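Asker: Below is the sequence, then the predicted model.
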Amino acid sequence: GTTTLRMANVALKDPVNNPVSVSLQSGLIEIRPVPVRMEITTPQTAVLTNQVFMVNVMAKGASDLYGGAFNLIFDPMRIKAVDVIKGDLLNQDGVPTHLLNKIDNDKGIVTLGVTRLGATSGVSGTGRLCSITMKARDRGSATVKLANVLLEDSFLDPVQVVQVPATVNISPAVMKIVPS
């Protein structure tokens with residue numbers, strides 16, 4: 001015999017309880033994972049010219065994330081990159097990780113690669129992929145964003161990404177001279 005299966009209001013969740021998009025078309029179930037949200041976090045208040053500050057590259061809602069490569073783009077007239085350090089997301093379970101980076105302050109690009117090492121599963125959750133130490137050069141507003149983003153899961157399959165840029169506001173350094 002034949003049995004009809006009717007599905008309504010299906011709600012699936014991934015291993016870290018993120019919703020997974022599901023649709024039914026022509027009898028086929030299509031499951032689409034929720035993209036990883038890649039956000040740049042910058043200081044909430046204005047920084048002063050010549051002040052050093054941190055910019056974090058955050059991954060939110062990751063599931064089986066193994067590594068990735070991307071460019072951090074910034075205005076080289078307003079800010080410069082000084083250093084890059086590993087984040088805490090990919091090694092949250094103690095698996096060794098590796099970070100490659102190349103800073104080009106003339107073009108305003110930091111090229112980055114981050115990965116877990118060895119035959120292991122990816123990580124799930126939210127955290128920092130890396131942090132970039134930057135220095136304010138000139139007053140004004142500078143956008144910091146990602147480009148050429150490629151994240152991969154533990155099967156080395158691409159992971160869908162949504163990118164969120166940020167802005168750094170730079171104020172002129174004020175020197176107050178007090179007569180003695």
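Answerer: That came in fine, so what should we check first?

Asker: shaky segments in this structure?
Answerer: Flagging of the chain using pLDDT under 70 yields the residue ranges 1-32, 175-177.

Asker: which other helices and strands contact the top strand by length along the chain?
Answerer: Identified as the longest strand of the chain according to DSSP state E is strand 52-73. Where contact means 3 or more C-beta pairs under 8 Å, 6 or more residues apart in numbering; DSSP states H and E, strand 52-73 is packed against strand 36-41, strand 109-116, strand 123-136, strand 140-153, strand 158-159, strand 166-171. Yep, even glycine has a C-beta here, placed from its N, CA and C like the rest.

Asker: so which of those gets nearest residue 88?
Answerer: Of all the helices and strands packed on strand 52-73, the one in closest proximity to residue 88, counting by C-beta to C-beta, is strand 123-136 (5.2 Å).

Asker: Run a quick neighbour tally on the nearest residue to residue 165 once chain neighbours are set aside.
Answerer: Nearest non-adjacent residue to residue 165, counting by C-beta to C-beta, 6 or more residues apart in numbering: residue 145, 3.6 Å away. Using other C-beta atoms under 10 Å, residue 145 has 15 other residues around it.

Asker: Tell me which residues touch residue 145, please.
Answerer: Residue 145 is in contact with 40, 72-73, 163, 165-166, counting by C-beta atoms under 8 Å, 6 or more residues apart in numbering.
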